[in-house]
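Colleague: the following comprises the amino acid sequence and a computationally predicted model.
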Amino acid sequence: MSSEFIYQLFALLIAVIVVHAVYVGAIRPAADAQIREEMALQAAGADYVPERSFVVVIRDFEQEACFILLIWALAIMGYKGRRTLREQSLLDRRLLDIPEGTSVLPADAREYSRSLEALPDEEQDYLLPRTLLSALQRFATTGSIQAVSDTIKESCEIEADRLDSELSMVRYIAWAIPSIGFIGTVRGIGEALGQAYKAVEGDITGVTVSLGVAFNSTFVALVLSIIIMFCLHQLQLSQERLVLDCQRYADKRLLRHLVS
């Protein structure tokens, strides 16, 4: 069980507890009170046009599940975005102390690797130190500049694929939220059809409430999915920039100094 898995698990538990507590303690009581007041005014025959407040729109179970998934997805993306920012901070540091105009021979590769091996364990696991260390080790073994270039490119491509695959859970959540919204739509329409006989008799209150459930759940789910997809796009953009910047850093700070 990696630290990231434990973080995601606790993030989900905290999201469930916090969102459910807010719903039970504030949102549903306020929404139920407003709905009862509107139904009483309508039953009294008052000329009253009900207004759908925010608490009424988000009061149902489907919307609660969507908010839980939204917070969970944002927590996952926040964890990965924080790591990406840490890795980007290494680009401003001079990890390899190679003076300008200096040529690096295969016999010198081991000496320049020591500064990378002296980094903390957490930083050694980042993309840039791993790429530079792999390139130096390949150069010391083969003495081929082309092999070093291929190593740098391969490391960056593998990292890009890994980062993309680790976002599969966020993509699943972005798909699941609209699906939950459509489940609420089906449930609301089903309840409305079950009360159709009351509408025939002139009481459309139950049908109106059920149709409100149907449309509100879809509306909330689509809005939240738009928010997740925007954040996901920004995270993917920063990760792609990180991979490209690391490859450019390796070419500028290491590859052009090598002499076979």
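Modeller: That came through fine.
Colleague: rest of the way, CA atoms for contacts and neighbours
Modeller: Will do.
Colleague: lowest-confidence helix or strand of this structure?
Modeller: helix 196-200 (a mean of 56; mean pLDDT, DSSP states H and E).
Colleague: and the strand or helix carrying A109, average pLDDT?
Modeller: Using DSSP states H and E, A109 falls within helix 109-117. In this model, helix 109-117 carries a mean pLDDT of 86.
Colleague: now it - C-alpha only, PDB.
Modeller: The C-alpha trace of helix 109-117 is given here as PDB (Å, rounded to 0.1, in the frame of the first residue of the first chain):
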ATOM      1  CA  ALA A 109      30.400  10.400 -16.000                       C
ATOM      2  CA  ARG A 110      30.800   8.700 -12.600                       C
ATOM      3  CA  GLU A 111      32.200  11.900 -11.100                       C
ATOM      4  CA  TYR A 112      29.200  14.000 -12.300                       C
ATOM      5  CA  SER A 113      26.800  11.300 -11.100                       C
ATOM      6  CA  ARG A 114      27.800  11.800  -7.400                       C
ATOM      7  CA  SER A 115      25.900  15.100  -7.200                       C
ATOM      8  CA  LEU A 116      22.700  13.400  -8.300                       C
ATOM      9  CA  GLU A 117      23.300  10.400  -6.000                       C
END
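Colleague: check which helices and strands it sits against.
Modeller: With contacts defined as 3 or more Cα pairs under 8 Å, 6 or more residues apart in numbering; DSSP states H and E, helix 109-117 has these neighbours: helix 127-142.
Colleague: any low-confidence regions in the stretch 101-250 of the chain?
Modeller: 191-212 (pLDDT under 70).
Colleague: can you give me the helices in it?
Modeller: 109-117, 121-124, 127-142, 145-165, 168-194, 196-200, 205-253 (DSSP state H, counting those that start in this stretch).
Colleague: report the inter-axis angle for the first one versus helix 127-142.
Modeller: Interaxial angle of helix 109-117 relative to helix 127-142 (axes from the mean of the first three to the mean of the last three Cα atoms, to 10 degrees): 160 degrees.
Colleague: what separation do you get for the closest residue to E123 other than its chain neighbours and L119?
Modeller: For E123, ignoring the flanking residues on the chain, the nearest one in space by Cα to Cα, 6 or more residues apart in numbering is P129 at 7.3 Å. P129 sits 9 Å away from L119, taking Cα to Cα, to the nearest Å as the criterion.
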